[in-house]
Structure formats: C-alpha cells, structure tokens
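> pasting the sequence and the predicted coordinates here, then a few questions.
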Amino acid sequence: MAFAAFATTTAQADPAPRRRSPVALLLLLPGILYLVLFFLTPLVSLLITSFQAPAEFGDIGQYTYAFNWQNYVDVVTDYWPHIVRSFAFALAATVLALLFSYPLAYFIGVTARRWPLLQSLMLVLVIAPFFISFLLRTLAWKQLLSDESFVVTSLKAVSLLAPDAHLTGTPIAVIFGLTYNFIPFMTLPLYTTLERLDLRYLEAASDLYAHPFDVFRKVTIPLSMPGIVAGTLLTFIPAAGDYVNASRDFLGGPDSQMIGNVIEANFLVLLNYPAAAALSIILMSVILVIVGIYVKRAGTEELL
Amino acid sequence: STGGAAKPSAAADVSDSDKTIRWDNWALYIDVDDAGSYPTLEAFTAETGIKVAYTEAVDDNNTYYGKVKDQLALGKDIGADVACLTDWMVGRLIRFGYTQGLDHANIPNLSNLVPSLKDVDFDPGRSMSVPWQGGFAGIAWNKEKLPNGFTSVSELWDPSLKGRVGVLSEMRDTMGLIMLDQGVDISGKWGDSEFGAAIDEFKKQVANGQVRNIKGNAYKEDLVNEDTLAAIVWSGDIVQLNAENGDKWGFAVPEKGGTLWNDNFIVPIGSPRKKNVEKLINYYYEPEVAAEVAAYVNYITPVAGAKEAAMAIDPELANNQLIFPDDSTLAKAHVFRTLDGTEEQKYGADFQSILLGA
Amino acid sequence: MASGTFADAGADLELVGIQKRFPGFTAIEHLDLSIPAGSFFALLGPSGCGKTTTLRLVAGLEEPTAGSILIGGTDVTQQKAFQRPVNTVFQSYALFPHMTVLENVAFGLRRRKIADPVGKAHEALRLVELDHLAARKPQQLSGGQQQRVALARAIVNKPALLLLDEPLGALDLKLRRQMQLELKTIQEEVGLTFLHVTHDQEEAMTMADTIAVMNKGRIEQMGAPEVLYELPKTAFVANFLGQSNLFTGPVIGSTSTSITVDVAGHRVVVPADRAHRHAGEVTIGVRPEKMWLHRKAPAEAADRNIMGPGRVIDVSFSGVSTQYLVAVPYIGTLIVFAQNMAFGPVADVGDEVWLDWHVEHGFGLEDEPIPGAGPRFAADTDTRSIAAQRRESLVTELEEA
Amino acid sequence: MASGTFADAGADLELVGIQKRFPGFTAIEHLDLSIPAGSFFALLGPSGCGKTTTLRLVAGLEEPTAGSILIGGTDVTQQKAFQRPVNTVFQSYALFPHMTVLENVAFGLRRRKIADPVGKAHEALRLVELDHLAARKPQQLSGGQQQRVALARAIVNKPALLLLDEPLGALDLKLRRQMQLELKTIQEEVGLTFLHVTHDQEEAMTMADTIAVMNKGRIEQMGAPEVLYELPKTAFVANFLGQSNLFTGPVIGSTSTSITVDVAGHRVVVPADRAHRHAGEVTIGVRPEKMWLHRKAPAEAADRNIMGPGRVIDVSFSGVSTQYLVAVPYIGTLIVFAQNMAFGPVADVGDEVWLDWHVEHGFGLEDEPIPGAGPRFAADTDTRSIAAQRRESLVTELEEA
Amino acid sequence: MVPIAYTFVFSFNDSLKSNITWRGFTFDKWLNVCAVQNGAVCEAFGNSLVIGSVATVLATVMGTMIAIAIVRYRFRFRSATSLLLFLPMATPEVVLGAGLAAQFLSLGVAKDMTTIILAHTMFCISFVVVTVKARVASLDPALEEAGRDLYGSSAQVFLRVTLPLLVPGILAAALLSFALSFDDFIITNFNSGAVTTFPKYIYISAARGIPAEANVIASAVFIFALVVVVTAQVSSAARAKRLAKEA
Ligand SMILES: Nc1ncnc2c1ncn2[C@@H]1O[C@H](COP(=O)(O)OP(=O)(O)OP(=O)(O)O)[C@@H](O)[C@H]1O
Ligand SMILES: Nc1ncnc2c1ncn2[C@@H]1O[C@H](COP(=O)(O)OP(=O)(O)OP(=O)(O)O)[C@@H](O)[C@H]1O
Ligand SMILES: NCCCCNCCCN
Ligand SMILES: [Mg+2]
Ligand SMILES: [Mg+2]
C-alpha cells in the first residue's frame, strides 16, 4: 500500500556489493535533472527574488534585481508573530496528532493482528480521507463547527464553551483542522513500524519485571521511534507551511493567520514578491534546521 | 523585473468563427431561474448564437487579480473573455495594459450609459471598460437575532456582538465605511492621517475579537450559517439572500454614509473573443434586459431607460432605492477616491496586515 | 569473579495437571512435572510438541486452561509475568535493540529498583566474559555473544528459576557445542534452577541432570540421561534419543531373570529387569554402538544374542566412528557403530557379516507393538530407499508442523 | 524415474593461482585447486575463510584479481555468469518468489531456449520428489522442500559443475542430516561434479569423496576424508576436522621407521611415515578415540605410547560414547572418547588414570611449532578455563569475521 | 470520518446556491453531476484525473530509476543526491508552489495543464524514491545472481526477475503519487493559470458556496477507492486462507 512510503528504511542486511557503473548515471540522470530544473532552480530564483527592491517609479508589483537584504529584516519585523505562530500551531497539531494516532496505530498494528480483516478494514478507514479532497473535508468542519452548529451549541450547553465564544476563526479551530488533516500522515508511518514491532521484546520486558506501563515507556516507545519520527515530520513540515486551514475562508480568523497565509497574501494580493520570497526562504531554512536537529536527536538519520 | 514591464499585446480575434464567451463574475450578480439557468443569457444566446460560460469566479478583486496576473503579464489567455471588476482594479489593469480597447462602434447601446459614468478618471472616455452594475456597501444584520437594526458602523462595535461581526476584505468598502463614520469625506482630499485613524479603529476591532470574519463575497456563507450576525456587505446580495432563505436580514446604508462603486466589464488582453464580448455588452445595455437583471440582483444599473423599463415590469421595483436610488439616497453614498500606485501599495499593505492579524 | 554474588539457590518448580488449549488446538493435554531446586533440567522433544508453550506458561506469558504452577512451593498461577521470580532466555534472545548491552542487562534490576544496577550488570557481564563489550548495541554482536548477553540479562536477576528456550538453536554446530559447555559451567557456578528446552538430544544428554522427553503435549519418559538412553521406555524415546535397532516378536520363553523373544526366527534374550513387558508381542531393542560386527559367525554363547548372516549395504566414516548399515534377511536393516580404533573399516560394502551383542545391553519397550507393523526397518537394501523413506516421514512431519 | 536423463558426466574444475582482493581486504591470497569430474568435493573451513568467495569466482559472480579458472579444460575466466556451464544452489536458496516452483525450475532452460522446458522441469522435480507441488509458490514450501527445489532448479540444467553454498546451513540438525543423505544420493544418481561448501566437518566427512580444508584464503590440506582425519598435516586441520590431542617437544631419537619425541618427560613414538617432520621441535598428536583409559599403569610395550598418571576432571555422557577430560601434569588436559560398550563410565571424576595408544595411531604435523607456545592446552585443570580459552579464541574469530 | 459523512450526506441535499442548510433529499445531483455551471465540476475533475495520471507515470518512472541506482550502485555525489531527494519533502508546499511560480513567471512560461503536471511530478518523485527504495533494498541480491547463474543476460534478469519483484513497491509508489497529485491544492494554486483542478474548483467555490455536485464527485471517488481497497483486502485474505488450508 501507499503508506509503505512512510516507513523508514532501516539499514538492510548487506545489500549486493555496490558497483560503480555508467548505468547508475543513466538511471539517475532524468530524475535528478528534473529536480534540478523544477525544484532547485526555482529555489534559486526564489532566493534571488527575495533580495529584489521595488522598481523606481514603478507601479504596484514591480521590482528590480538588487541585493536588498533589508527585505529579510522587514518581513521578520512585520511577521515574526506569524512565524512563531506557524511553528507553534504545527507543533501543537503534531503533538495532538501523535497523541491521537499512536493508540489508533497501536490498535491496528498490534492489537488487531489477531483479526486480519478488522486490521485491513481499519486501515482502509485511515487512508480513506486521502480520497476525498481535504478542502472539502475542511469545509465540512467549518460548517460542523459554526456558531449555531450542534457541536458548538452542545459545548455551550454543558458550559465547556463560554456563551459568547466560538470555534471557527480561532486558533483552536485551526489547530484542530491541522490535526485532523494530518492524522493519516501520522498514523500510517506509526502503523508500519508498530505492525512490525516484535512482540517478543515486550514479553522479554515483562519477563524482566517491567510493569505494563514500563514496558510501554521503555520498550514500545523507543522501538517505534522510527515511525514516530517519520510521522511527526510528515505532519510538522506540511502543517507549518499550510495556509488552507488557517485561511479566513476555511477555519482561520485574523488572529490565527499562519506564515503560509502571509506568503500567499504577499504573493497574490499585495504583489510583494520579495517579501513572499524572503518569507519562503526563512520558512524553509527554519524547517530544515528543526528537522536536522530533531532527526539527529532522535537518532534516525537514515530517513532517505 | 517581475511583473508588468513590457505591455503585452492583444490576442488575435476569433469571434467570427468561435461563437462563445467565457465570463467571470461575482456571486449573486446575475438573474437565475429556479432550474439554475440564466434567463437573460439564454435570451442572448438565442439572439446571437453566442454561447456563454458564466462562472462565479470572482470573490474579491485582489484574489482574482492574484490568480490571473501572471497570465495577463504574458498576454496569455486567463480562461475568461470578459470579467467584471471594480473601478479601482480596472484602473490598475488599464495602467498595466492588461485590457483590450473596446470598439464603441460595436456597442451602439453604449449611448444608454448614464451620463455620470461616461467619463471616469481611471478610463477616460470608457475606451477600455463599461459598467456592469453598481451598488452600495452598507450594513446587513440578522433580523431574528438583532431586531433593532443598525444605522451606523459604530454600532457594530457593540460588545454584545463580539466575534459575530463581519466586514469585507474589499479595503475601499470596509475602510470607506469606517472613515465615513469618522467624518471623513472619502471622495475628497484625505491622506495618511485620516486613513491612519480609520486603520487604528479597524485594527482595534479586529484585535479585540469584535470582528471575526473578513471576506469577499464569501461573507454570505457566514450570514447563512449565522457565524456572522451583522456585517458590512454589498447591497443587492442581501435581497437575493432573503429571497432564498426567507426574509431574514435587514440592510441599511449608514447615516454617515456608505460607499458607492461600480463593477465594469473588461476584456482581458489575452482573450481572442473581444467582438463577442462587445455584442454581450451591447445586449445588456438594452434597457429591458438591464431592468430584468436589476429586478433580480437588486444592484444599481448603469443603463439609462432601465427605470422606465422596470416600471413596466413592476412599479415597486422602479422605486427600490437600492436599484434606482434617488438623490437623497445618493447623498449618503460616496465614491472612494482613486489612489495612485504608491498609495495603493501602502494602504493595501496596511489593510492586509490587519487581515493577517499583524 | 565473585561467584558468591549469585549464591542464592534456585527454587523448585511444580506443574500440576496443566492443560493448555489454543483456539482450535490443544497444545498440552495434561502435564505434571516437578523439577528439584538447583537442577539442570532439560525438556526435550520434537518440533511442535509443546515445549515452548510449557515454558511460556511457567514464565507467565501464557495462561493455562487448567492446572496450577508452583514455584518454590508458592502458587504463581495467577501472577503476571512481571511478578514471577522467573527469567527467560528467549530463543531469539529478544535483546532490546535500542539499548546497549549494559542497559539490557541492567533492565530487570532497574525495574525492581535494585541498588547499583550498573555494578551488578557489569558483574554479570564479566561472568559471561563480555564486559568489554558493555557499551555496544546488540546488533553489533555475533550470535554467540548475543546469546551470552541474553544469559547475563536473565541471570543478573538471580531468578528462582531460569527458563531457556533453545538458546543455542540458532548457532552453528561448533559454536553450539562450545556454548553448551559454558552454559553448564555457569549453571554450576550460580546454582540456579535451569529449565532448558531443546530438540537436540545430544545437547540434552551432555548438559542436563534430568531429561524429560516430551511428545505431543505429554511427557513420555523422564530421568537421568544415562537411564533414558540405556533403558528407553518407548519406541519414540528409543529413536528420538539417539538411534536404536528395534525388533518385534512374541515372547517364547521367560525365566525370572530373562525373557526370550522370537525375532523372525532368531532367539533374542533380554534381561527381565530391562524389559517392561514379559509376555505376548513385544518390541525389544539394542543401541547401535553395543553391537559387534563379525566376519565369521560367532560361537553361540548364553550371554550374547547373535544375528546374521547379513550383508553390509553402507559404510560411512564420520571421524570418531564408522556407521555400518547391515541388511539381515527377514529382519531389516540394522545400524552398527564402531569406534575407529584402527584404520579403515572393519567391513566393506557387500561383505557378509554377523552381529552380536551382550544380552545385558538389550531392552524391552513398554509400548504396545503396532500390530502388523512388522520390522521397524523396511527390507529394502539400498540407501536410496532409506533416504526416500526418511524424506517421506520428513515431509509429513513438515506438513504437520 | 529416468535417471538416464541426467547422465551427462560433470566436468573437472581447475583454479590456477587465483587471487581475490576486495577494496581493503584480500579474501584469497593464492589458490590452486583441481577437482576431478564427477566427484563430490567439499570445501570446508571456518567462517570468513573465503569459501563463498571461491564459489562466486567459479560461478562468475565475482571476477578474480589474478589467476584463471578452467572448467572441463576450457578457460572461462573471461566469461560472464550466464555464459558458464555452472549452476549454484544458494545458501538462501534464492528461489524466485514471483514464480511457481515449476517456473523456477524451468527458468534456466527457457533462458537457453532448450526444447520442452516444462517437461524437463517436471522430470527434475520428480527426481527431488516434489512434482506434486509444482504449481505452488516457493513461500508455500517448508525449508527442506525449498532446498530441494533449489537443487532441482540447478540440476535441470545439467551443468558441468554444481556449486552448493552451505545449502543445509539454515536447517536444524535432524533435518540437516536427512538432507545430507539425499544430496549424496542425488549426486551419485546424476553423476555431476558437486562442489559443496560447508563449515560442518561432519557433513563434509560423510558426504564428500574429497575434502579441501580452507583457512584464511588458502587450502591447508586436501584429500579423502579418512586420510585427512587420520593424518592431518597441520594443527588447524587436526582440530578443525574433529578433535585432537596435540603435544610439542624435541625429537630425541629416530630410526628408519619411527621418531621419538620427548613430551614433558614422556617418550612418545610416532611412525616415521606418519610424521611430516623428523627432527627438531615437532608437534605430534593422536585422536581422542584412539586413546585407552587405564585404572592402573599399563605395562610398557614397544608398540604403545603411555601417558600418566593423570586425573579425570570431567566425564560427559553423550549416548553413543563418553568423553573424558584427563589432566596430566606438565602436559595439560587430554580428551579421550570411549564408546559406551558397557554401562556407566569407565572412570569417574577424580580417578587417577593412565592413557595409552598404539604407536601407529599417532601423527606428526608439518607445522612449525609456535616457539614457546608450550603444550597446546593450558595446564589449568578445570573445565571452566577450557571454556574460557575457547571463548577467547571464539571471540577473536568472531571479531575477525 | 464525520466530515466525510457530512460531505456524503450533503451530496444528496436539494440545495440552491449554497449547500449549507439542509433542504431535502434528492438524487438529482448524483444523476446530473455535470449539469451545473456548464459542467465545470466535471471538467475540473477530469483535469485532476489527467494531471494525476501523467504526473504519476512521470514521477514513478524517474523515481524508480533513481531508487534502483541509489541502492544498487556506487557513484559520486551520493549524499548530494540524497539531500536533493529529501529537500522537496522537507519544503512546505507554499515554498514549492511559490518558487516554481516565480520561476515560470521569470521564464515567461504560461501556466496551464503542463505547468501543473511539471509541478506535481516534481513533488511526487521523492515519495516514489522512498517507497521503491525500500523495496529494492529488501530485494535479496542473491535472486538476481541466481538469474544470472541460470543463464539470464543482464536485460533478461532485469525484466524477468528484478522488475516483477519490484512491482508491489512501484504500484504503491504510483498510488501514493496519484493520491498526492489528486489532492494537491497549494502548489496547484500557484501554478495552474486558468486551468481548474478539482481541489482548486472547491477552493474557488468555497467563497460562493460549494455546489452539491462537488460533494457528489468527492463521495464517488471515496466510495470507488473504498470498494477497490476492500475488494483487494478481502480477496487477499481469502487467498491466504485458501493457502493455509492447502498447506
Ligand atoms: N498461539 C497459538 N495458537 C494456536 N496454536 C498454537 C499457539 N502457540 C502454539 N501453538 C501450537 O501448539 C503446539 C506446540 O507449540 P510449541 O511452540 O510449544 O512447540 P515447541 O515444542 O516449542 O516446538 P519448536 O521445537 O518448533 O519450538 C504447536 O502445534 C503450535 O502450532
Ligand atoms: N564484497 C566484499 N568486500 C569486502 N570484503 C569481502 C567481500 N565479500 C567477502 N569479503 C570478505 O572476504 C572474506 C571471505 O568471505 P567469504 O564470504 O568467502 O567467507 P566464507 O568462507 O564463505 O564464510 P562463511 O562461512 O561465513 O560464509 C571475509 O572476511 C569477508 O568479510
Ligand atoms: N454579489 C455582487 C457583489 C459585487 C461586489 N463588487 C465589489 C465592489 C467593491 N467595492
Ligand atoms: Mg519452541
Ligand atoms: Mg559463505
């Protein structure tokens, strides 16, 4: 199934002695060239754009090449709350998705092993959302969480929500939307590692006087680390750059705009390309740094 | 440099062989029958043999521009042969050379254009644009929840409405109404300080959560699901919403004034069907057709003689202040003055930064 | 090394009326077993006979359907795995791959909040002579080293009872024999009760004080290795624990000290106290190494049973000894081992030979002879058919498993 | 079964001056080997000695750094794997999982566009008695069955040479012994040249016509199993192929028929034609099963070497025979095997015993004795230290590998 | 699950302009999916199918080639290659979309179906590589050696042994690519010019109210996928059972 992609490829037992061969070059060339052309050069032109300055006597949206590093200072001063907010939301969504997905993945991957049919059925339900546009699902939430909806009125009825409070347009709704949308991306890699979890380790731990809670903490969690890392990355990275959930037309409001929304607004509305580019470069660099540190600390560098 | 350096040239016209038009317009902006088809458009097709693909692709001038600007800059087809956009945006498009000149000879009915709109600063002589509909931005409210109604923008800031207020993402309407509320003549000379004061007020209302929904035409969804109880909206929409959902909302232009604007037909530079579009414009400038549209959309028609035609349909219609405003109504309506490029960039950024919550 | 650290004696284990049913399969029908404290006990049996299931029941990783389990006199049937004073060395070792060797060994101590887990873990590692590799991860060890870490990880907890589930099964022959020696040594040193599961009979015999031979969820016979080997009670034990030449025939005479059996015309005498059945159709046997090969018919003697003439159909040299297959008409193919005290085989393929053995080396089984089964070995005289025959039984065995 | 179908005789194989270097490691230094057509040849050696590398060179899966390979007299050094008349049974079997058993077996025939591949494949499957499973996928077979399919897939091509890389390595002991018998039978039947790689010495001895013992990329000794066993040339062979008691000392006398060596004061005589070195420091040895255990000092005799008194430090029963470890002062610990012809051990732990053996059973190694190494076995008198010693050599071996 | 159910239920809503309030049950929308707005929904859906298919084929072919090269060969710039493959996965979609859009703009490339396909292929490649790589790495090299040993030339071994064994991995990769492409909005939004894909259609319509027809299409795709997956699972379970019985 598709989610094999999310499994970290742990080092395989001694693959064939690797050869040097011109065949390798032929195999690599098209794909690598493609990525250079359509990934790397755009990044470079993004970098160049990020230093552009407004054209003299130019109209809105007109820029010339320059080395205007001030752009970076400006966007950080203007938008640092969005940068911080993006990572905070992404982090919150990642943690929530993990808390929700882990038991789910554990159930499907371990508990349900005895009932293969139930296992595959639950798996289907997890991947099912992939096949219905995430925009539609998010819009559905917008309706389901609207002020006069069943959800909100009942929450108010039981005083879990203040009478004048609401859900849509708030950070809570955005985090909720992010969490919801990325749960499959979290669950699947977790599932692929937990499915291969050797239960004998758990038995060995309980044989060695570990209380079920200790077994979980000391053995199950560390052994499912590759899945946790893959899942959190596959959730965190796109969540940090997402702008659909936080869009004012979906679940967001003015106080929950993320950096993706800022980039979009600068690109498409304000026509401030240098600012949009600078923000993109910043976003990407911060993510790379975070991912680098995280992967190193989690000790699962063999991600690709 | 990025964007609009060399002006693109118009596409070769294929109208004679290709009898179609793709029309991008706002939601709630044309007559629709119960079956979901457009009676006036069908009549147009019957009359001219030109088929029209009508798409409600415009939600907000900015986002629409964002979607098509790159194509326009290259002089490429944007997927529409005609679009109806607001005065100031049309001004920008004309400045950038993104529109095609209209051949008035093909639009004899243009003589029906009301005199006040015959010459506008962004398009002298109407060589590139022709008005479609005009309207007011005012205040709408949910009559079931708020039976008392509204007469001023300040009333939207009442704490009891916290989080249930909507405004338009159209800067000139939202800021225009606030500036008017603060006593600024938005058509006259004003500058950074007047705008700044209004922005401060707006920022305050957004930051404290009073204003939650800031949208383009999508605001109607919020009214329907009642996330929004009171909002700055466009006049005709409310009448149409009431028709669909029961007479649920009230509408008023604030005492201190509302904005008055027009949306105009333009032919994007990449369209190869200008002649077809000219026929379409000409058709909608028949007073009877204009009246039929107006009767449905409840916006101000720019076609002289439409009032008379409306009278023939229904006298009450002809007296509807939203469609055929009299001088006292118009006295409350103000046109947001044209901004130059720098102002547009600056005020736009200020406004946008509030939408982004900064 | 302070061997005194592990001086706590092991506890005895008692299984009473244990039954274990899996959905759709009864792995253990009725099992009673009692293992004295401090002994090295081997549970021997073919694949699928229920050895692992028994261990898992004792460890608490599986719950018995019926019966109870007592360790050191205490009923632990209701206790969970982590509460039992038992540790297991798993067949797959099950070393935690995310921990160092040291952390693996200290794991159990830490769970029980024993003081100085690191020091004790080092001590256990020194016992298995792997302390220098304490900082490695299990994957960086060879199979033999992993096995010793698994052992250390279990022993360090000084369990009342140590369960070993074919800990040597994955090792190659040479390493395996070396490990056996070590295991035995360590057991003697720490004085714990070892319950060792294996399907390697040689392993069981060289290591254990007591062997229980298990078959299809039941204990067939239990006792000291020598007793089991020299006096097997059933055909299963006779063939599972080493090889045997078995014959079936009616008892045609008996005295107070011996019985005489007619095996296809040969009169074979078995001591009465070494025969479990004294009348009717019986199966008797003798071990291949107890048989002598003669080039001439040996003289009749009261204390020897003679068979022959037969023909040598295969000779195979294996270093220490040579194995001869001798086809004797109407009886079948017999196996004879001769230690290579001289060079070259005593007889060659095709030679006519006689076989004899001391009366006192024979044994009589308790088994009901399978009626009409005839001699144990087919009368075919070529090795191919033996191979084919083995193949067949192998295939059935595999398909059953 | 039409065994005639496979009647093409195998071809002989010759490796001349083969050297194989991997980046950073020389797996084979200099190898000359010649295998006669139609023989069952075993390449025996410890892990990592270069056995697999040798096979891969012959199969064409690896290119030699130097030297040439001749099959049936033709130089195939430059040929690619698919051009060589050679087939391999891989250790992991390497059956194609996406094909049925039948398609696996027919694969090679189809590649060479041989007529009637299906018929021939069925025939080969019948030979290994698996034709009834022809339609299955390999995953649906037991390990033993897979092994036979791999064999059929190779044999069906009637290769001049069949290479087998520890095809039995993954099987458990019992299954392994059965498979050995089958392999041997099939080889005799099809008459192909088999080059069989193993590190199980018992396997090599019972199966092969000729054994080459390989160590660190070199052939240490080559010959018939009996010859290698009875007359090992090096200490490595003496201990890798079974066990040996080895002694080192100066030659203190020699006649035309024998040499006399002084082993820590004991005079030990070795036949001159069984000793590779006749002067200076030499290492001599004798197999444990050739030694006799005596409770009293045996009378001196010209044709026997005597050692003792020593003390029995360990007795271990293994069914067919019993192993005694005897510590002899200044000499070390000696191993003695005694076939269990009687009940109970001949001697008990702690007994004082003497050992002797026929002069003609001794052998003298070609090896240069390691100066100052003294006796092969440490003078420690407990089994633990032996275990420790073995452990150490094992660890080094593993770490080298 | 709730939003899916919601979407499904509202595909039966007898809605007018906006599909928010429940107005009664109807099959009309299912029967006349393409009727609304001159078939804009269906056109968008069709575009998405075409884009998804082409991008999937391109990405799967190139990604598989890279995966094989990475596992099987040694070459210089290995780590640079790995980084180049990892980066697209670690780059937020806005950045990918915006960067490519800026690139197309400065090159003067008009955005249409082709630019969308180019963009989708780009972000799918890395996912294909990861998926197929795992499969190649777990492929026992002895199998290919056995192929060579059994007289197969390099090409034959690749066609008859390597490729068939990689098929499950390649299929999984293709499926993943298609799903990613089909559901992509952000990158598409930046690079689609006048072309409307299904997600883009929904985004645009979000402003004025999604017609129930969009719910119809989404529900249909969902049900189709569900049926395919469930059938596959059930039949493989049945096969496993049959084998277990045979054995
Ligand atoms: N969880 C289970 N469900 C059903 N049957 C089981 C289960 N566990 C074991 N069995 C069956 O019980 C029998 C005994 O299994 P057990 O693992 O105890 O055998 P064993 O003697 O350890 O064999 P081996 O030597 O192969 O390890 C086998 O037939 C096995 O198939
Ligand atoms: N491709 C390679 N690159 C580097 N060294 C190699 C390679 N292949 C084998 N070796 C080394 O060459 C030596 C011989 O390896 P080989 O596989 O031939 O041993 P072997 O005798 O078959 O051992 P085993 O019994 O463990 O299979 C080993 O030390 C091994 O590590
Ligand atoms: N439903 C039609 C709304 C048209 C709004 N036009 C935008 C005017 C901006 N001032
Ligand atoms: Mg077991
Ligand atoms: Mg090898």
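Right, received. Where do you want to start? Numbering: from 1, shown residues only, chains lettered A, B, ... in the order given. Ligands and ions are numbered 1, 2, ... in the order given.

> pretty sure B:A218 contacts E:S205?
No - if you go by Cβ atoms under 8 Å, B:A218 and E:S205 don't touch, sitting 9.7 Å apart. (Glycine included, C-beta is placed from N, CA and C.)

> of the two, who's got more company?
E:S205 (29 against 21; other Cβ atoms under 10 Å in any protein chain shown).

> is stretch C:52-68 in proximity to ligand 1?
Yes - Stretch C:52-68 reaches ligand 1 (Cβ under 6 Å from any ligand atom) through C:T52, C:T53.

> pull the number of nearby residues for the residue lying closest to B:W132 once chain neighbours are set aside.
Leaving out its chain neighbours, the residue that sits closest to B:W132 by Cβ to Cβ, 6 or more residues apart in numbering or on different chains is B:C84, at 4.4 Å. Using other Cβ under 10 Å, B:C84 has 22 neighbouring residues.

> okay, now the unreliable bits of chain B?
Within chain B, the segments meeting pLDDT under 70 span B:1-6, B:358.

> OK, contacts around the residue in it that chain E sits nearest to?
As assessed by Cβ to the nearest Cβ, chain E sits closest to B:G79 within chain B, at 2.7 Å. B:G79 makes contact with B:R22, B:D24, B:V68, B:Q71, E:G193, E:A194, E:V195, E:T196, according to Cβ atoms under 8 Å, 6 or more residues apart in numbering or on different chains.

> likewise for B:P8?
B:L72, B:A73, B:L74, B:G75, B:G97, B:Y98, B:I269, B:G270.

> from those, pick the one nearest C:N215.
Of all the contacts of B:P8, C:N215 sits closest to B:L74, with 84.8 Å by Cβ to Cβ.

> isn't that closest one right next to E:L107, touching?
No - using Cβ under 8 Å, B:L74 is not in contact with E:L107, being 10.2 Å away.

> in a helix, that's where A:N245 is, yeah?
No - A:N245 is assigned coil when assessed by DSSP: H, G, I helix; E, B strand; the rest coil, not a helix.

> could you pull out the helices in the chain for me?
Using chain A. In chain A, helices defined by DSSP state H lie at A:22-35, A:41-49, A:70-109, A:116-127, A:134-144, A:150-157, A:171-195, A:199-207, A:212-215, A:221-223, A:225-241, A:259-264, A:273-298, listed in chain order.

> chain E, not that one
According to DSSP H, the helices that chain E contains are E:2-10, E:28-31, E:40-72, E:78-90, E:93-107, E:113-137, E:141-149, E:154-157, E:163-183, E:186-191, E:198-208, E:212-246.

> show me where pLDDT drops low in chain E?
Using pLDDT under 70, chain E drops low at E:1-38, E:207-213, E:237, E:239-247.

> chain B versus the residue most central in space within it, what's the distance?
In chain E, the C-alpha nearest the mean C-alpha coordinate belongs to E:F178, at 1.3 Å (Cα atoms, centre = their mean). E:F178 is 25 Å from chain B, where distance means Cβ to the nearest Cβ, to the nearest Å.

> again with C:I211
For C:I211 relative to chain B (Cβ to the nearest Cβ), the value is 79 Å.

> just say helix, strand or coil for that residue.
strand.

> give the contact list for it.
Going by Cβ under 8 Å, 6+ apart, C:I211 touches C:F41, C:A42, C:L43, C:L44, C:A204, C:M205, C:M222, C:G223, C:A224, C:P225, C:L228, C:L241.

> now do the same for it: its pLDDT.
In this model, C:I211 is scored at 94, pLDDT.

> cool, and C:R304?
With respect to pLDDT, C:R304 scores 91.

> show me what the nearest residue to it once chain neighbours are set aside is bridged to.
Sequence neighbours aside, C:D356 is the residue nearest to C:R304 in space, at 4.8 Å (criterion: Cβ to Cβ, 6+ apart). Counting by DSSP bridges, C:D356 is bridged to C:W292, C:I306.

> my guess is C:D356 contacts C:D303. True?
No - checked against Cβ under 8 Å, the pair C:D356 and C:D303 is beyond contact range at 10.1 Å.

> who's more crowded, those two?
C:D356 (21 against 9).

> mind putting the contacts of B:G79 in JSON lines, neighbour count included?
Below are the contacts of B:G79 laid out as JSON lines (neighbours: other Cβ atoms under 10 Å in any protein chain shown):
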{"residue": "B:R22", "neighbour count": "23"}
{"residue": "B:D24", "neighbour count": "23"}
{"residue": "B:V68", "neighbour count": "23"}
{"residue": "B:Q71", "neighbour count": "23"}
{"residue": "E:G193", "neighbour count": "25"}
{"residue": "E:A194", "neighbour count": "20"}
{"residue": "E:V195", "neighbour count": "20"}
{"residue": "E:T196", "neighbour count": "24"}
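
> so which of the residues you listed sit within strands?
B:R22, B:D24 (DSSP state E).

> so where's chain A shaky on pLDDT?
A:1-20, A:148, A:161, A:163-165, A:299-304.

> ok, back up a step: just the closest of the contacts of B:G79 to D:G50, please.
Among those, and counting by Cβ to Cβ, the member closest to D:G50 is E:V195, at 63.1 Å.

> contacting residues around that closest one?
Going by Cβ under 8 Å, 6+ apart, E:V195 touches B:G79, E:N47, E:K111, E:D112, E:M113, E:I116.

> all strands for the stretch 201-350 of chain B, in order.
In the stretch 201-350 of chain B, the strands defined using DSSP state E, counting those that start in this stretch lie at B:211-215, B:230-234, B:249-252, B:258-266, B:333-334.

> what are the boundaries of the strands in the stretch 301-401 of chain C?
Using DSSP E, counting those that start in this stretch, strands in the stretch 301-401 of chain C cover C:304-317, C:321-328, C:332-339, C:352-358, C:363-364.

> tabulate those strands (a markdown table), appending distance to ligand 1.
Output for these, formatted as a markdown table (distance: least, Cβ to the nearest ligand atom, whole Å):
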| stretch | distance to ligand 1 |
| --- | --- |
| strand C:304-317 | 27 |
| strand C:321-328 | 26 |
| strand C:332-339 | 25 |
| strand C:352-358 | 33 |
| strand C:363-364 | 26 |
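
> one step back: B:L74 and E:L107: who's more crowded?
Set side by side, B:L74 and E:L107 show more neighbours around B:L74, with 19 against 10, by other Cβ under 10 Å.

> picking up where we left off before, of the contacts of E:V195 - the most surrounded one?
Highest neighbour count within the contacts of E:V195: E:I116, with 28 neighbours (other Cβ under 10 Å).

> show me what contacts it?
Contact partners of E:I116, counting by Cβ under 8 Å, 6+ apart, are E:I51, E:T188, E:N191, E:S192, E:V195, E:T197.

> between those residues, which is nearest E:A102?
Here the nearest of those to E:A102, counting by Cβ to Cβ, is E:N191; it sits at 10.3 Å.

> so that closest one makes contact with E:T114?
No - E:N191 lies out of contact with E:T114 (Cβ under 8 Å); the separation is 9.8 Å.

> so those two - more neighbours on which side?
Neighbour comparison, E:N191 and E:T114: the larger count goes to E:N191, with 26 against 15 (by other Cβ under 10 Å).

> what's near enough to touch that one?
E:G97, E:L100, E:A101, E:F104, E:K111, E:T115, E:I116, E:L118, E:A119.

> spell out which parts of the stretch 51-200 of chain B neighbour ligand 3.
So far as Cβ under 6 Å from any ligand atom goes, the stretch 51-200 of chain B lies against ligand 3 at B:T86, B:E170, B:R172, B:D173.

> quick revisit: would TSV of the strands of the stretch 301-401 of chain C with distance to D:V268 be doable?
Output for the strands of the stretch 301-401 of chain C, formatted as TSV (distance: least, Cβ to Cβ, whole Å):
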stretch	distance to D:V268
strand C:304-317	26
strand C:321-328	25
strand C:332-339	22
strand C:352-358	34
strand C:363-364	41
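
> and those: which comes nearest D:E29?
Checking those against D:E29 by Cβ to Cβ gives strand C:304-317 as the closest, at 31.0 Å.
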